[in-house]
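In: The following comprises the amino acid sequence and a computationally predicted model.
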Amino acid sequence: MRAVVQRVGRAQVTVSGEIVGEIGPGLLVLLGVGKADTTTDADYLAEKTIGLRIFEDGDGKMNLSVREISGAILVVSQFTLYGDVRRGKRPSFDDAAPPQQARELYEYFVERIRSAGLRCETGRFQAMMQVELVNEGPVTILLDSTKAS
């Protein structure tokens, strides 16, 4: 499972002109699910995301988590994180999970965030979405559950 985590001042997702998810300060998480992923991968990424200390403390150091700043998380499904362009210029998505598996693990990930007591908004799975964000810093972190050890 892969995630691009961005520290944001605000972010929103729009589908067909309707805002379907919106947050103020917090994290925008673009989440990709691979064929081999399980709930263990989702648990790892959810815990890592919640605990990331990428918000500034009183001394200006990145030392606080999204929970510690009372922030929110916006999770957007992003199968293109599994795009492989090693053999040409058109991405192959062979390693991306099929839609049903991806939806189940995406929803499981969102539930793990919510069960930790954090506000978690979402995009709309398999929809054409417009994502707007104000990346603070900018701070962008790449997470991959296969690189956990």
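Out: The structure has been received and is ready for your questions.
In: what residue is smack in the middle of this protein?
Out: Central residue of the chain (CA atoms, centre = their mean): V29, 2.0 Å from the mean position.
In: Surely that residue forms part of a helix?
Out: No - using DSSP: H, G, I helix; E, B strand; the rest coil, the assignment for V29 is strand, not a helix.
In: Any stretches of the chain with poor pLDDT?
Out: 149 (pLDDT under 70).
In: mind listing the strands for it?
Out: Assigned by DSSP state E, the strands in the chain fall at 2-15, 18-23, 26-32, 55-56, 62-64, 72-77, 120-122, 130-144.
In: Now tabulate those strands in CSV and tack on distance to F93.
Out: In this view, the C-beta of every residue, glycine as well, is placed from N, C-alpha and C. Compiled in CSV, the strands of the chain are given as follows (distance: least, CB to CB, whole Å):
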stretch, distance to F93
strand 2-15, 12
strand 18-23, 24
strand 26-32, 10
strand 55-56, 33
strand 62-64, 33
strand 72-77, 13
strand 120-122, 21
strand 130-144, 16
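In: Leaving out chain neighbours, which residue sits closest to the residue nearest to the centre of the chain?
Out: Sequence neighbours aside, V75 is the residue nearest to V29 in space, at 4.7 Å (criterion: CB to CB, 6 or more residues apart in numbering).
In: contacting residues for the one you found?
Out: Going by CB atoms under 8 Å, 6 or more residues apart in numbering, V75 touches V29, L31, Y106, F109, V110, I113, C120, E121, T122, G123.
In: now those: which count as buried?
Out: V29, L31, Y106, F109, V110, I113, C120, E121, T122, G123 (16 or more other CB atoms under 10 Å).
In: in terms of contact, does the last one touch I73 like I think?
Out: No - taking contact to mean CB atoms under 8 Å, the distance of 12.0 Å between G123 and I73 leaves them out of contact.
In: Based on its surroundings, how many neighbours for the nearest residue to R7 once chain neighbours are set aside?
Out: Nearest non-adjacent residue to R7, counting by CB to CB, 6+ apart: V139, 3.9 Å away. V139 has 16 neighbours, counted by other CB atoms under 10 Å.
In: Noted, bye for now.
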